[in-house]
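> Provided below for reference: sequence and predicted model.
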Amino acid sequence: MVFFKQDEQLENLGNGILEATWSAFPDLARNQVALTWIVYDPPIPVNTGGALTPDAFWHHPVRGFDYRGGERIYPASVVKLFYLVAAHEWIEKAMIQTSQELERALRDMIVDSSNDATSLVVDILTGTTSGPELPSGPFETWKQQRHFINRYYQSLGWEEMETINVCQKTWGDGPYGRERAFYGEMFENRNMLTTNANARLLHSIVGGVAVSSVRSQQMMNMLQRSLNPDDLPQNVEEDQVTGFLGGGLTQDAQIWSKAGWTSQVRHDAAYIELPNQRPYLLVVFTEGKAHAQNREILPFISGLVAQAVSSL
């Protein structure tokens, strides 16, 4: 059972949005997109500063729609959301100490999607470092430590977390040394996520129940994106709005998001508020070299979902 209630109205709208997308982008195969969409009907349980207790929040029904929502897909930088929550959990439980450098790395990991910052965060979370290949004994210990984040997410008891893998750093050129060995010969140990797992984690942050209400709000502050073109970072390859879900919204919308992209994938996970409409959560993953370079697919889907929300 997924955490949301399957809903006929959203299913009809969602299937219509997908059909329109395939019509507009005929090269996008049906197995090259995955989507999870959650709508927050009144009374709205999210973005309230953690007004509900975790127990009340998780018992508050929400309705949603997913397409291939349980398919494991390489997440690129969307995985950084999982490292952000884990870092707040570790600090809250006094498993690690916060520092100026860790705070700087967390910010750069989310706001700018820095891979170098993510490297430090993963080192701190797992007590490991990158470097030359290791002898088998020490390497076994190192690998066990690197799966620490996976064990945390499995300990939550959420069905959506059972198949994910969140133990790898994110790279520009790719892994070397012990990191390459850890990937496995055929990269079988690379990070893998589903849109449903992503949606559930973002749902918990927006609901104010990820780690604590205070920490959820700190994470929300970091995830908020401006849709004003003048505020977007200049001279960067991707700004996490243009060509992503934020690119399909009008400037009077509000968005909290984490995007991910490589030469093979283009993804985004977002919580969105439109003026005088129901808030909603949308996670879209697309695969394929041509689609990874296409900056129109995710804004197209986002615009159709925004239209559909206004009809609810």
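That came through fine.

> going forward, measure contacts between C-alpha atoms and count neighbours the same way
OK.

> which residues does the residue nearest to residue 79 when sequence neighbours are not counted contact?
Excluding the flanking residues, the one nearest residue 79 by Cα to Cα, 6 or more residues apart in numbering is residue 166, at 6.8 Å. By Cα atoms under 8 Å, 6 or more residues apart in numbering, the contact list for residue 166 reads 79, 82, 147, 149, 150, 191, 192, 193.

> Could I have the buried ones of those residues as PyMOL selection syntax?
Buried members of these, defined by 16 or more other Cα atoms under 10 Å, are picked up in PyMOL with:
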select buried, resi 79+82+149+150+191+192+193
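
> any idea which of the contacts of residue 166 is closest to residue 115?
residue 79 (11.2 Å; Cα to Cα).

> Can you give me the buried ones in the helix or strand where residue 104 lies?
Using DSSP states H and E, residue 104 maps to helix 100-111. Across helix 100-111, burial judged by 16+ other Cα under 10 Å covers 102, 105, 106, 107, 108, 109, 110, 111.

> quick check, nearest of the residues you listed to residue 198?
The nearest one, if we look at those relative to residue 198 and count by Cα to Cα, is residue 110, at 14.9 Å.

> Residue 299 against residue 266, yeah?
No: if you go by Cα atoms under 8 Å, residue 299 and residue 266 don't touch, sitting 11.5 Å apart.

> Between those two, which has more neighbouring residues?
Set residue 299 next to residue 266 and count neighbours by other Cα atoms under 10 Å: residue 266 wins out with 30 against 19.

> What distance do you get for the closest residue to the more buried one other than its chain neighbours to residue 213?
In this structure, residue 266 finds its nearest non-sequential neighbour in residue 292, 4.8 Å apart by Cα to Cα, 6+ apart. In this structure, residue 292 and residue 213 are 35 Å apart, going by Cα to Cα, to the nearest Å.

> So between those two, which is more surrounded?
residue 213 (22 against 19).

> State the distance from the residue lying closest to that one once chain neighbours are set aside to residue 208.
Computed as Cα to Cα, 6+ apart, the closest residue to residue 213 that is not its neighbour in sequence is residue 50, at 4.7 Å. Computed with Cα to Cα, the distance linking residue 50 and residue 208 is 4 Å.

> now the closest residue to residue 78 other than its chain neighbours, what's its secondary structure?
If the residues on either side of it in the chain are set aside, residue 78 comes closest to residue 260, at 4.9 Å by Cα to Cα, 6+ apart. Look at residue 260: counting by DSSP: H, G, I helix; E, B strand; the rest coil, its state is strand.

> Can you report how many residues neighbour the nearest residue to residue 293 once chain neighbours are set aside?
Distances taken as Cα to Cα, 6+ apart put residue 263 closest to residue 293, at 7.0 Å, once the chain neighbours are dropped. For residue 263, the neighbour count with other Cα under 10 Å is 13.

> What are the buried residues along stretch 186-202?
Residues 190-202 are the ones in stretch 186-202 that count as buried (16+ other Cα under 10 Å).

> want to throw the residues you listed into CSV with secondary structure?
Listed next are these as CSV, based on three-state DSSP:
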residue, secondary structure
190, coil
191, coil
192, strand
193, strand
194, coil
195, helix
196, helix
197, helix
198, helix
199, helix
200, helix
201, helix
202, helix
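
> That concludes my questions; thank you for your assistance.
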